[in-house]
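> Kindly return the folded structure for what I paste below:
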Amino acid sequence: MRFKLILEADLPRGNQLPLNYQYELSSWIYKTISFGDPAFSAFLHQRGFLNKEKGFKLFCFSRLVPVKFRVIGDRMKFTQPQASLILSFLPVEALEPFIRGLFSGGEFAIGDTKSKVFFTVKTVERLPDPVFSQRMIFRFLSPVLLVKPRPGFPGKVDHLWPDHPDYEHLFINNLAEKYNAYFPPRSFNLTDAKLEIISNVQSKLATIKTGTPQETMLKCFLYDFRLTAPVELIKTGYYAGFGKENSQGFGCGEVMA
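Below is the predicted model of the structure:
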């Protein structure tokens with residue numbers, strides 16, 4: 001399921017956001033779900049859907065899309081109050097009324113100690129499902145992150161650039177892991193699976209948990225891509241997100257063709 005949220009900012013109360021706001025936006029999503037179903041929220045936050053001890057949240061969201069803004073230093077200044085947000089979930093259709101009810105009319109603020117923006121959710125629109133095929137073109141609405149364990153350094157990872165020799169394999173295998181965390185496990189023939197980057201690659205440096213002992217900087221990327229893979233895996237990426245840390249604001253893609 002995929003939803004488009006139309007937001008309206010109360011600009012007299014605050015009109016600037018830090019450019020790194022993904023973590024705060026993710027926290028609002030978790031809090032909203034927790035308000036409607038504390039058990040489901042706790043399940044997502046603490047454990048998620050498991051595949052061989054790997055946990056997946058199986059939702060993603062785009063960056064905020066203001067109607068009009070400008071960047072001032074490390075801030076995004078809203079010059080008009082309207083903005084939109086895409087919110088996407090892999091789980092079952094029965095959640096639609098639950099999601100609509102939770103987010104409709106909600107009020108929230110995101111930002112830091114320097115500046116905040118206060119939003120109201122004006123509408124929640126269920127977006128039509130695309131027609132999926134084994135070869136599709138996507139554009140990232142939020143930057144994608146892929147990591148690989150660093151040899152000889154337990155608990156450390158390397159953030160992979162798209163030209164890394166393992167990038168394509170990890171990108172596609174990640175989709176199979178997510179699918180098998182939610183659906184009855186199955187093996188996929190990935191012999192012909194392929195990731196083709198078809199645009200310029202923009203590198204982004206994102207910071208989560210800013211100003212806390214857990215502050216982390218992540219190297220991630222925006223680009224358009226053509227993906228050839230089993231339809232089930234392409235659908236999984238569209239709804240749950242591509243790459244890692246989708247529930248923190250990474251890897252949300254839209255269909256281009």
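> Could you list which residues are in contact with the residue nearest to L222 when sequence neighbours are not counted?
Leaving aside its sequence neighbours, L222 sits nearest to Q202 (Cβ to Cβ, 6 or more residues apart in numbering; 4.3 Å). Placement of C-beta: from N, CA and C, glycine included. Counting by Cβ atoms under 8 Å, 6 or more residues apart in numbering, Q202 touches 143, 221-223.
> Identify the farthest-apart pair in these.
P143 and Y223 (9.1 Å; Cβ to Cβ).
> Pull the contacting residues for the spatially most central residue of the chain.
Nearest to the mean C-alpha position of the chain, by Cα atoms, centre = their mean, lies C60 at 3.2 Å. The contact partners of C60, taken as Cβ under 8 Å, 6+ apart, are 88, 142, 239-241, 246-247, 249-252.
> How about it: what's its closest non-neighbour residue?
G241 is the one closest to C60 (Cβ to Cβ, 6+ apart), at 3.1 Å.
> Quickly note the distance from that neighbour to F138.
Between G241 and F138 the distance is 11 Å, computed by Cβ to Cβ, to the nearest Å.
> Neighbour count for the two, which is higher?
G241 (32 against 22; other Cβ atoms under 10 Å).
> Read off the pLDDT value for the more buried one.
Per-residue pLDDT puts G241 at 97.
> tell me the contacts of it?
59-60, 88, 247, 250-253.
> Backbone torsions only: list them for it.
phi 110, psi 150 (degrees, to the nearest 10).
> Against S62, how distant is it?
Distance, G241 to S62, by Cβ to Cβ: 10 Å.
> so what's F89 up against?
Neighbouring residues of F89 by Cβ under 8 Å, 6+ apart: 1-2, 58-59, 95, 99, 239-240.
> Could you do I72 as well?
Q16.
> for it, phi and psi?
When quoted as degrees, to the nearest 10, the phi and psi of I72 stand at phi -130, psi 100.
> The closest residue to L11 other than its chain neighbours and D74: what is the separation?
Of all residues not flanking L11 in the chain, P81 sits nearest, at 5.4 Å (Cβ to Cβ, 6+ apart). As defined by Cβ to Cβ, P81 lies at a distance of 22 Å from D74.
> Looking at these two, which one has more neighbours?
Neighbours were counted for P81 and for D74 using other Cβ under 10 Å; P81 has more, 19 against 14.
> The residue nearest to D192 when sequence neighbours are not counted: neighbouring residues, count only.
Nearest residue to D192, sequence neighbours excluded (Cβ to Cβ, 6+ apart): T228, at 6.4 Å. For T228, the neighbour count with other Cβ under 10 Å is 16.
> What residues does T228 make contact with?
With Cβ under 8 Å, 6+ apart, T228 has these contacts: 134-135, 192-196.
> Domain boundaries for this protein, per the record?
When the chain is parsed with automatic domain parsing, its domains come out as 2-126, 135-255.
> Lowest average confidence across those domains, which one?
Averaging pLDDT over each of those puts domain 2-126 lowest, since it has a mean of 85.
> Check the separation of the first and last residues in that one.
Distance between the two ends of domain 2-126: 6 Å, counting by Cα to Cα, to the nearest Å.
> OK, contacts around the closest residue to I172 other than its chain neighbours?
Closest residue to I172 apart from its sequence neighbours, by Cβ to Cβ, 6+ apart: A193 at 4.8 Å. By Cβ under 8 Å, 6+ apart, the residues touching A193 are 172, 228-230, 233.
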